[in-house]
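> Fold the following, please.
(one chain, ligands or ions: 2)
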Amino acid sequence: MRFKRVLVKLSGEALAGPEKAGLHGETLMAIASDIAAAANAGHELAIVVGGGNFFRGVQGLGKGLDRASADSIGMLGTVMNALALEHAIDAAGVPARAMSAVSMPALCESYARKRALDHMAHGKVVVIGGGTGNPYFTTDTGAALRAAELSCHALLKGTNVDGVYTADPKSDPDALRYDHLTHDEAITQNLKVMDTTAFALAREAGLTVVVFSVLDAGAIGSVLAGTGRATFVTP
Ligand SMILES: Nc1ncnc2c1ncn2[C@@H]1O[C@H](COP(=O)(O)OP(=O)(O)O)[C@@H](O)[C@H]1O
Ligand SMILES: O=c1ccn([C@@H]2O[C@H](COP(=O)(O)OP(=O)(O)O)[C@@H](O)[C@H]2O)c(=O)[nH]1
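Residues are numbered from 1 along each chain as shown. Ligands and ions are numbered 1, 2, ... in the order given. Reported below is the predicted structural model:
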């Protein structure tokens, strides 16, 4: 099986569905069912979830917060999403375990690499909140880090565009879509679909990054089956 063990990055906005902020129940359940189906098809899955549907650190700067404090609030938002996703995946019939990079033992397990590997080996989907656990980072970088340390075969970046373009397709109607490119090309052309730190980490780990839209129903399953629309970023 291609990509048996995968890390799926979900942006916070993906969970907000049409609401744009907070959590949208139907969207959450649809994504959870997609993840559960991939697990039932034999994939081992870890999910890193963003928090942009609740709070982004940069938003705090406009409110007079310092960056580290604002990022702490942002990380808490990602844990809220992880708890929601854990529940939704459980409800879709596959055991899930939320783990946070920032310890909050009353709410969920603290992230530990060996424990995450153990959960995956026992058929549980691991849902990681808290990003890297440090300010000044993003959940994209957290996703590349976890994908590398959990020896994942690919990092699937689920977002709201259907791949990587020559420029941001939301602001440039003439942007062209890539089917394939290298990490070096993504970095040197400053393609902002994922931050440079995340691409650099993925390059160092020799990790394939697959960028696809989670807005399409069943997107995770079809990307894993090799039939979905996606851009492949490879060494
Ligand atoms: N070259 C590019 N190719 C594709 N998407 C891009 C590119 N440059 C910028 N983007 C933007 O990146 C976003 C995807 O990143 P994501 O991490 O999901 O969102 P955000 O950065 O808002 O949290 C898309 O909404 C898209 O508009
Ligand atoms: O390792 C990390 C990951 C995230 N964040 C904070 O959490 C917010 C939400 O994460 P992100 O913007 O990556 O979420 P997404 O865009 O994927 O929804 C960020 O803006 C940061 O403030 C952080 O401080 N360190």
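> Please enumerate the helices of the protein.
Taking DSSP state H as the test, the helices found in the chain are 12-16, 25-40, 57-61, 67-91, 113-121, 139-149, 183-188, 196-204, 219-225.
> can I get those in a markdown table with distance to V127?
C-beta: built from backbone N, CA, C; applies to glycine. What follows is the helices of the chain, written out as a markdown table (distance: least, Cβ to Cβ, whole Å):
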| stretch | distance to V127 |
| --- | --- |
| helix 12-16 | 11 |
| helix 25-40 | 9 |
| helix 57-61 | 21 |
| helix 67-91 | 5 |
| helix 113-121 | 10 |
| helix 139-149 | 11 |
| helix 183-188 | 26 |
| helix 196-204 | 19 |
| helix 219-225 | 14 |
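> Just put those helices in a markdown table and tack on distance to ligand 2 and mean neighbour count.
As requested, these are exported to a markdown table (distance: least, Cβ to the nearest ligand atom, whole Å; neighbours: other Cβ atoms under 10 Å):
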| stretch | distance to ligand 2 | mean neighbour count |
| --- | --- | --- |
| helix 12-16 | 3 | 22 |
| helix 25-40 | 13 | 20 |
| helix 57-61 | 3 | 16 |
| helix 67-91 | 2 | 21 |
| helix 113-121 | 16 | 15 |
| helix 139-149 | 3 | 25 |
| helix 183-188 | 17 | 16 |
| helix 196-204 | 9 | 20 |
| helix 219-225 | 16 | 21 |
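> Spell out which parts of this protein neighbour ligand 1.
Within the chain, the positions near ligand 1 by Cβ under 6 Å from any ligand atom are 11, 52, 140, 159-161, 164-165, 167-170, 191-193.
> which two in those residues are spaced the farthest apart?
G52 and A167 (20.9 Å; Cβ to Cβ).
> Residue ranges in the protein under the pLDDT threshold?
Within the chain, not a single segment meets pLDDT under 70.
> Report back the residue of it that's furthest from centre.
Distance from the C-alpha centroid of the chain, by Cα atoms, centre = their mean, peaks at G64 (28.6 Å).
> Contact partners for that residue?
For G64, no residue meets the contact criterion (Cβ atoms under 8 Å, 6 or more residues apart in numbering).
> what's it sitting at in phi/psi?
Here is the backbone geometry of G64 (degrees, to the nearest 10): phi 90, psi 10.
> about what we covered before: among the helices of the chain, which is nearest F3?
Relative to F3, the nearest member of those by Cβ to Cβ is helix 219-225, separated by 5.9 Å.
> Could I get the CA-only coordinates of that closest one as PDB?
What follows is helix 219-225, C-alpha atoms only, in PDB (Å, rounded to 0.1, in the frame of the first residue of the first chain):
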ATOM      1  CA  ALA A 219     -11.000  13.900  -0.300                       C
ATOM      2  CA  ILE A 220      -8.600  12.100   2.100                       C
ATOM      3  CA  GLY A 221      -9.700   8.700   0.900                       C
ATOM      4  CA  SER A 222      -9.400   9.500  -2.700                       C
ATOM      5  CA  VAL A 223      -6.000  11.100  -2.300                       C
ATOM      6  CA  LEU A 224      -4.700   8.000  -0.500                       C
ATOM      7  CA  ALA A 225      -6.200   5.800  -3.200                       C
END
